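build me a structure from this.
(2 chains)
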Amino acid sequence: MSHRLLTAVCAIALGAGFAVPAFARAPAVALEGDVKLVRQVTENGRTSERLEEPNQVLPGDRLVFTTRYTNGGAEPATDFVVTNPLPGPVKLARVDSFEVSVDGGKTFGALAALKATGADGKPRAAELADVTHVRWRLASIAPGASGEVKYFAEVR
Amino acid sequence: MKRSIQWLGTTGAFALVFSPALAAAAPVGTAANSSISNSVTVSYNVGGVAQTPITSAADVFTVDRKIDLVVTTQDSSAVVVTPGQTNAVTTFTVTNNSNATIDFLLAAAQQAGGTARFTGNDTTDLSNVRVYVETNGSAGWQAADTQATSLAAVASGDAVTVYIVSDVPVATAQAAQATMILTATAASGVTATTGYAGTGGSAISQTPTGTANGKTTMETVFADAQAEAQTGDGLKDGKHAARSDYRVDTAQLSVAKYSRVISDPFSGAASPRAIPGAVVEYCIVVQNASTTISATSVSVSDTVDAATLTGVTAPTIGGSFNGTDTCTGGTGGSWTSTAGGIYQYSVGTVAASSTSLVRFQATIR
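Residues are numbered from 1 along each chain as shown, chains lettered A, B, ... in the order given. Predicted structure coming up:
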């Protein structure tokens, strides 16, 4: 599992040279990604789902990609937008409480409202397999607050 | 180390690589050893000021190799053969449903009794059993296709036509059936000869279940179905098999010869007796009891005893037989040979479920 802490303040400071802006002590937002394999397990006639490390992954397997975020700073982070390009070998398994893009991240919206180009070159209703990006928009994350966003996908 | 394979989103392009004679289809699933890498980018504001977007570290893992293959027969009923036939062909398809290009070992076996693939039971074996791979681009088996023991480099999703070619022993009985089993085994190291045909190679092993899985290493997992019980194939064993039948169906000729006295020198045709000078009519009945197969190049030879019979007439061909001793009708013909007192007539083809008649008369000395 990879875990990297990126402090926005550092990135800003480097980008802006020595002109230290007023928000120099801005909060650090930390991100942590995780992926698990969703395995269907049938025990005593009841089927349940179990999350496993993605060690053995085959086409058709279902995965759940999770991104945890933490606002480690003293001020709220607002207009928090998490954009997640889907890895090429997976397709979205189901829509959820996020926006999707079927055009490489240029436009986002509900899947049902989007159009893709069909094999015949004509527009058609977008399908799960057309999704290239998913995006979550959170209005505000309070200082010290954390949460997670996730999407389910299937290995093509 | 991160081993990654460029993922091509447009899989249709693969089809162009292969010659039209070989069934090429879209690859089955994400190619083995592909990396799946996920990372997110976050933009946010603090105090109303946009911050530099941050990106999470990529979470990378590798798609494993799923070995899945299907063998089916293209025959829809037993292949009809005749005794003594050479190069009788049953036809199969080997499809690679793995998410990787793999080789296959091919093996043909004869079923040892039991239920045949289509109807009835396996009752006999054929000889000179060989495996050929379709390589010459013409549908069906030809001698120009390639005899092989393996398939080389079958891409994901591709299907290859494989033939079992056998000879039928002359002594094989009518309606005997021989069931053939074609087993394909996922393999590597096959040397290509022509097209998909190859030699050598060894079976692929599954990564042992006790072995620790690596997130970024490619494991091999068997996912094949179990074929019909008679093939001996197992579930998830890296093999699959299919069966087809040969059935002997041949012309079943019988021949019978009938005679009756039709006149004698004293009582004429009214109440003829078999006395010297009497005329005897012979009727030779050639019957093909097969309902499906014609007999060709049928020839009738009748040795007439010159010591007792003379004045053999030209034959009358066809007509009808009354079931006891009398043939009627027909058209005039001629013997193809009368050398040595052997009267020979070439009947030609006796169609399935039909009868040919040869009628002639002779005089008792």
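
longest strand in chain A, please.
Using DSSP state E, we find that the single longest strand of chain A is strand A:29-43.

next structured bit after it?
strand A:46-52 (DSSP states H and E).

could you say what helices and strands the longest strand of chain A packs with?
strand A:46-52, strand A:62-71, strand B:35-38, strand B:41-46, strand B:54-55, strand B:59-62 (3 or more C-beta pairs under 8 Å, 6 or more residues apart in numbering or on different chains; DSSP states H and E). Any C-beta I mention is one placed from the backbone N, CA and C, and that applies to glycine too.

quick check: bridge partners of residue 37?
Went with chain A since none was named. Note on A:Leu37: beta-bridge partners A:Glu52, A:Leu63, judged by DSSP bridges.

that answer is for a different chain, and I need it for chain B
Taking DSSP bridges, one obtains B:Val60 as the residues bridged to B:Ser37.

what pLDDT does it get?
Looking at B:Ser37, its pLDDT reads 88.

also B:Tyr343?
Predicted confidence (pLDDT) for B:Tyr343: 91.

just to check, it is in contact with B:Leu309?
No. Under the criterion of C-beta atoms under 8 Å, B:Tyr343 makes no contact with B:Leu309, lying 10.5 Å away.

those two: who's more crowded?
Under the neighbour definition other C-beta atoms under 10 Å in any protein chain shown, B:Tyr343 and B:Leu309 were set side by side, and B:Tyr343 has more, 23 against 16.

quick one: which helix or strand includes that one?
If you go by DSSP H and E, B:Tyr343 is part of strand B:342-350.

phi, psi of the residue lying farthest from the centre of chain A?
Outermost residue of chain A with respect to the C-alpha centroid, by C-alpha atoms, centre = their mean, is A:Asn44; its distance is 34.8 Å. Here is the backbone geometry of A:Asn44 (degrees, to the nearest 10): phi 50, psi 40.

what about stretch B:25-45, start to end distance?
End-to-end distance for stretch B:25-45, by C-alpha to C-alpha, to the nearest Å: 49 Å.

can I see the domain layout of chain B?
According to automatic domain parsing, chain B comprises the domains B:16-63, B:67-248, B:253-364.

to A:Val38, which of those domains lies closest?
Of all these, domain B:16-63 sits nearest to A:Val38, with 14.0 Å by C-beta to C-beta.

if we can go back for a sec, pull the CA atoms of the longest strand of chain A into CSV?
Output of strand A:29-43 as CSV, limited to C-alpha atoms (Å, rounded to 0.1, in the frame of the first residue of the first chain):
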residue,chain,number,x,y,z
VAL,A,29,-4.3,17.7,2.6
ALA,A,30,-3.2,14.1,2.6
LEU,A,31,-4.3,11.5,0.1
GLU,A,32,-4.1,7.7,0.4
GLY,A,33,-5.2,5.4,-2.4
ASP,A,34,-6.1,1.8,-2.0
VAL,A,35,-7.4,-1.0,-4.2
LYS,A,36,-9.1,-4.2,-3.1
LEU,A,37,-10.4,-7.2,-5.0
VAL,A,38,-14.1,-7.8,-4.3
ARG,A,39,-14.4,-11.6,-4.0
GLN,A,40,-17.7,-13.3,-3.9
VAL,A,41,-17.7,-15.9,-1.2
THR,A,42,-20.4,-18.5,-0.7
GLU,A,43,-20.6,-20.0,2.7
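
list the buried residues for it?
A:29-38 (16 or more other C-beta atoms under 10 Å in any protein chain shown).

in chain A, what residue lies closest to chain B?
Proximity of chain A to chain B (C-beta to the nearest C-beta) peaks at A:Pro59, 2.4 Å away.

ok, that residue - contacts?
When contacts are counted by C-beta atoms under 8 Å, 6 or more residues apart in numbering or on different chains, A:Pro59 touches A:155-156, B:28-30, B:63, B:66, B:99.

what's the helix or strand for it?
Taking DSSP H and E as the definition, one finds A:Pro59 inside no helix or strand.

how near is it to A:Val90?
10 Å (C-beta to C-beta, to the nearest Å).

now do the shared contacts for the two.
Common neighbours of A:Pro59 and A:Val90 (C-beta under 8 Å, 6+ apart) are A:155-156, B:30.

phi, psi of B:Gly340?
phi 70, psi 20.

what about it, neighbour count?
B:Gly340: 8 neighbours (other C-beta under 10 Å).

likewise for B:Ser37?
B:Ser37 - counted by other C-beta under 10 Å - has 17 other residues nearby.

assign the most centrally placed residue in chain A to helix, strand or coil.
The centroid of chain A falls nearest to A:Asn84 when counting by C-alpha atoms, centre = their mean (4.1 Å). The assignment at A:Asn84 comes out as strand when based on DSSP: H, G, I helix; E, B strand; the rest coil.
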